[in-house]
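Asker: Can you look at this prediction? I've put the sequence above it.
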Amino acid sequence: MERADLMSLARSGDGDAFRELTEPYRRELQVHCYRMLGSLQDAEDALQDTLLAAWQGFGGFEERSSLRTWLYRIATNKCLDARRSASRRLAKEWNVPNVEPPEPTRLGEVVWLEPYPDALLEGAIAVPLGPETRYEQNESISLAFLTALQVLPPRQVAVLVLRDVLGFRASEVADMLDSTVESVNSALKRARASLERRWSPGTDREPPASSGSPSEDAVVGKFVRAWETADLDALVDLLTDDVFISMPPMPFEYQGRDLVARFCASIFGAGRRFDLVPTRANGQLAFGAYLRTPNGISHGMGLYVLTLSGDRICAMTRFENTVLLSFGLPRSLPSR
């Protein structure tokens, strides 16, 4: 059916026509909401609110902008509403039985961050980008980038994502936010300065091994063997000197190979042994972590996401087991 016919049908209240028009943008809109909110569940809620508002207001869509731009306008404002009204999750106390961790390097500010399954990224980040884009799409979905975004004021997040990640023109962003080009440019300048203080794209690091390459497979094999056998020396050999560990919603953060080694030693020293199941999150290596028990069942305890520099690990983020379902991972595993 011709697009003009679909538009006419959707305006007259045809739900199937509306879904056919908007479905091509669904995945990229969800990723946009995730960048702004840092939570997969919050992003899905914002996406549903966006599509409902678009459906209810479709009769008034006058095509002064593209349908994609109009949908981004709605989604961005729904996310701004969510950021303003949300009561962010509180940090959790350390709750790992029989493990006394070393004193952390610092306590993190962002404790509500959640990982994003790579399975949902297919067709979502390879989208048309405007000429103002500053970041690679894979880079702009990384956990480090997402963490830095979450501490910016909501409006600055919106402007930076729309301008520097998606490449919309300043005039388009001003229209989306019912603002002026001058206000958008001012917010973007402040956002870039804040982001630069908090996040570096790792220009001084080696690029990570490409996904699915023999080099990456070798890292996976070494990490799984080291972690599953509690081989601290083998694990430390995989770490960069400035390796960083975080574990939202617990605020504990550790930086530096020696301190990270002490932290991992506290886990291994308590007799905790794990089985790992590889997956991918935020364009990065990830593993479902399952704690072995005497009855032969391994229970899901969390998700580890690794950031690589060359063939070494420069960061690891540990999330709670509530995220496993989003990755299609089971709650428990039978004994191997």
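Answerer: That came through, no problem.
Asker: Next up, the contacts around Asn138.
Answerer: Applying CB atoms under 8 Å, 6 or more residues apart in numbering, we find Asn138 in contact with 125, 283. Yep, even glycine has a C-beta here, placed from its N, CA and C like the rest.
Asker: Got phi/psi on it?
Answerer: Backbone torsions of Asn138, given as degrees, to the nearest 10, read phi -60, psi -40.
Asker: longest strand in the protein, by residue count?
Answerer: Secondary structure of the chain read by DSSP state E shows that its longest strand is strand 298-309.
Asker: can you map out the strands along the stretch 201-336 of the chain?
Answerer: 239-247, 250-255, 274-281, 284-292, 298-309, 312-320, 332-333 (DSSP state E, counting those that start in this stretch).
Asker: Put the alpha carbons of the longest one into CSV.
Answerer: Pointing back at strand 298-309 there. Written as CSV, here are the backbone C-alpha positions of strand 298-309 (Å, rounded to 0.1, in the frame of the first residue of the first chain):
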residue,chain,number,x,y,z
SER,A,298,23.5,-23.0,39.8
HIS,A,299,21.4,-20.0,40.6
GLY,A,300,21.5,-16.7,38.6
MET,A,301,23.2,-14.0,40.6
GLY,A,302,23.8,-11.3,38.1
LEU,A,303,25.2,-10.2,34.8
TYR,A,304,28.8,-9.1,34.1
VAL,A,305,29.5,-6.7,31.3
LEU,A,306,33.1,-6.3,30.1
THR,A,307,34.8,-3.4,28.3
LEU,A,308,37.9,-4.3,26.4
SER,A,309,41.0,-2.4,25.5
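Asker: partners of that strand in the sheet?
Answerer: Under the criterion DSSP bridges, strand 298-309 sits next to strand 284-292 (antiparallel), strand 312-320 (antiparallel), strand 332-333 (antiparallel) in its sheet.
Asker: can you give me the helices for the chain?
Answerer: In the chain, the helices defined using DSSP state H lie at 3-11, 15-22, 26-37, 40-57, 67-85, 143-150, 154-160, 170-176, 181-198, 214-228, 232-237, 257-269.
Asker: Flag the shaky bits of the chain, pLDDT-wise.
Answerer: For the chain, the stretches flagged by pLDDT under 70 are 86-88, 126, 201-204, 335-336.
Asker: residues contacting Arg318?
Answerer: Residues near Arg318 by CB under 8 Å, 6+ apart: 245-247, 289, 302-304.
Asker: Could you find the closest non-adjacent residue to it?
Answerer: Met247 (4.1 Å; CB to CB, 6 or more residues apart in numbering).
Asker: Asn280 and Asp118 touch, don't they?
Answerer: Small correction: residue 280 is Arg, not Asn. Yes. Using CB atoms under 8 Å, Arg280 is in contact with Asp118, at 3.7 Å.
Asker: shared neighbours of these two, which are they?
Answerer: Residues touching both Arg280 and Asp118 (CB under 8 Å, 6+ apart): none.
Asker: how close does Leu149 get to Pro214?
Answerer: Look at Leu149 and Pro214: by CB to CB, to the nearest Å, they are 33 Å apart.
Asker: higher neighbour count, the two?
Answerer: The residue with more neighbours, out of Leu149 and Pro214, is Leu149; 25 against 8, by other CB atoms under 10 Å.
Asker: Grab the nearest non-local neighbour of the more buried one.
Answerer: Val157 (5.4 Å).
Asker: do the same with Pro207
Answerer: Gly310 is the one closest to Pro207 (CB to CB, 6+ apart), at 7.3 Å.
Asker: now Leu129
Answerer: In space, Leu129 is closest to Gly167, 4.3 Å off (CB to CB, 6+ apart).
Asker: Contact partners for the residue nearest to Arg312 when sequence neighbours are not counted?
Answerer: Among residues not flanking Arg312 along the chain, Thr240 sits closest, at 4.9 Å (CB to CB, 6+ apart). By CB under 8 Å, 6+ apart, the residues touching Thr240 are 205, 257, 309, 312-314.
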